[in-house]
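>>> Predicted model and sequence below, questions to follow.
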Amino acid sequence: MSHLDRLRAVFRTALNLSADAHVDRLEYRGIPQWDSLAHMALIAAMEDEFSIMIDTDDMIDMSSFAKAGELLEKHGIGAAAV
């Protein structure tokens, strides 16, 4: 499973979306499920899945699935080809 597939699974689980939900174009507050509380759960789930620590500035900057992919690249995980 690619890092982006893993990231998609993290988004679907953390945001309580269906297994076939399209998440690649999701943006923070773009759907009711992605509110501030879900954002923190999503950050924690990403940290767990990828064994990384996300700093506060990156938490704030992570405003979309694409930004999450870029964040993984910053941590040396795959490429951000979203």
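Great, that's in hand. Numbering: from 1, shown residues only.

>>> What are the contacting residues of the lengthiest helix in the chain?
Looking across the chain with DSSP state H, the single longest helix is helix 36-50. If you take Cβ atoms under 8 Å, 6 or more residues apart in numbering as the criterion, helix 36-50 is touched by 3, 6-7, 9-11, 13-15, 28, 34, 52-54, 59, 62, 68, 71-72, 75, 77. (Glycine included, C-beta is placed from N, CA and C.)

>>> Please export the C-alpha coordinates of it as PDB.
The C-alpha coordinates for helix 36-50 follow below in PDB (Å, rounded to 0.1, in the frame of the first residue of the first chain):
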ATOM      1  CA  SER A  36     -11.400  21.600  14.600                       C
ATOM      2  CA  LEU A  37     -11.900  18.600  16.800                       C
ATOM      3  CA  ALA A  38     -11.700  16.100  13.900                       C
ATOM      4  CA  HIS A  39      -8.600  18.000  12.700                       C
ATOM      5  CA  MET A  40      -6.800  17.200  15.900                       C
ATOM      6  CA  ALA A  41      -7.900  13.500  15.700                       C
ATOM      7  CA  LEU A  42      -6.600  13.500  12.100                       C
ATOM      8  CA  ILE A  43      -3.300  14.900  13.200                       C
ATOM      9  CA  ALA A  44      -3.000  12.200  15.900                       C
ATOM     10  CA  ALA A  45      -4.000   9.500  13.500                       C
ATOM     11  CA  MET A  46      -1.300  10.600  11.000                       C
ATOM     12  CA  GLU A  47       1.300  10.700  13.700                       C
ATOM     13  CA  ASP A  48       0.400   7.100  14.700                       C
ATOM     14  CA  GLU A  49       0.200   5.700  11.200                       C
ATOM     15  CA  PHE A  50       3.400   7.300   9.900                       C
END
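
>>> give the contact list for Asp58.
71, 74.

>>> Nice, that's everything, thank you.
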